[in-house]
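S.K.: just need the structure, nothing else, for what follows:
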Amino acid sequence: MNKIGLLGVIIFAVWAFGSCKPKQSAYRAAYEQAKERESGAPVEEFDEEFSEGFDDGEFSDDEFADDFEVVSKPRTDIESENDLNISTRQERINPYMGENTANLRRYNVVIGSFRNSTNAYSLRDRMQSDGYNAMVAQNELGMLRVIVSSFDGKRDALYSRDAFRSKYYPNFQDAWILERYY
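M.R.: Here you go, the predicted model:
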């Protein structure tokens with residue numbers, strides 16, 4: 001009787017651990033969802049069978065150049081007042097340990113938020129080596145904000161944010177505007 005029970009436990013263990021193995025289809029589904037979120041459009045799977053009959057030289061790229069518009073890059077044409085209604089996060093921030101107070105204005109382009117000062121200073125130094133007047137500011141909750149540019153006007157901050165996103169595309173697409181209040 002003990003041998004049958006032990007055999008049952010072994011079979012159950014093999015079945016239980018064997019079913020925990022990750023499936024390739026689960027990874028593919030997660031990958032496709034991430035790509036869909038990134039591009040904002042559904043991702044279609046590549047069908048080799050369908051593509052075999054096409055001749056690559058049949059159409060030229062010039063025929064379709066006017067039909068498509070790149071929408072994955074940020075806009076840089078902020079002209080109307082509606083564009084200025086883009087929400088900003090308002091925080092009470094102050095320059096962090098030894099940063100220049102004169103460089104911190106009302107609207108700031110934030111590219112990173114950290115609790116660890118080493119990470120914040122590393123990103124700030126990287127941006128300064130790229131020619132930005134980057135600085136680190138701290139909010140009331142102790143979060144360190146890495147700011148690459150600071151302006152008195154919202155329009156200038158939006159232009160700067162979009163230019164920064166374009167320059168570092170696809171990185172730093174989550175750069176945002178922080179409105180400083182006193």
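S.K.: hang on, isn't Ala175 packed against Lys167?
M.R.: No. Checked against CB atoms under 8 Å, the pair Ala175 and Lys167 is beyond contact range at 10.5 Å. The C-beta positions use only the backbone N, C-alpha and C, and glycine is treated the same way.
S.K.: these two - which one has more neighbours?
M.R.: Ala175 (20 against 10; other CB atoms under 10 Å).
S.K.: how many other residues sit next to Arg115?
M.R.: Arg115 - counted by other CB under 10 Å - has 10 other residues nearby.
S.K.: now for it: which residues touch it?
M.R.: Gly142, Met143, Leu144 (CB atoms under 8 Å, 6 or more residues apart in numbering).
S.K.: residue boundaries of the strands in this protein?
M.R.: Assigned by DSSP state E, the chain shows strands spanning 89-91, 93-95, 107-114, 135-139, 144-151, 176-180.
S.K.: related to what we said a few turns ago, closest one of the contacts of Arg115 to Ala29?
M.R.: Distance to Ala29 across the contacts of Arg115 (CB to CB) is lowest for Met143, with 34.3 Å.
S.K.: the closest one and Ser117 touch, don't they?
M.R.: No. Met143 lies out of contact with Ser117 (CB under 8 Å); the separation is 11.0 Å.
S.K.: just the buried residues out of the contacts of Arg115, in PyMOL syntax.
M.R.: Of the contacts of Arg115, the buried ones can be selected in PyMOL as follows, counting by 16 or more other CB atoms under 10 Å:
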select buried, resi 144
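S.K.: which of the strands of the chain is buried the deepest?
M.R.: strand 144-151 (a mean of 23; mean count of other CB atoms under 10 Å).
S.K.: run the angle between that strand and strand 176-180 for me.
M.R.: In terms of direction (axes from the mean of the first three to the mean of the last three CA atoms, to 10 degrees), strand 144-151 departs from strand 176-180 by 80 degrees.
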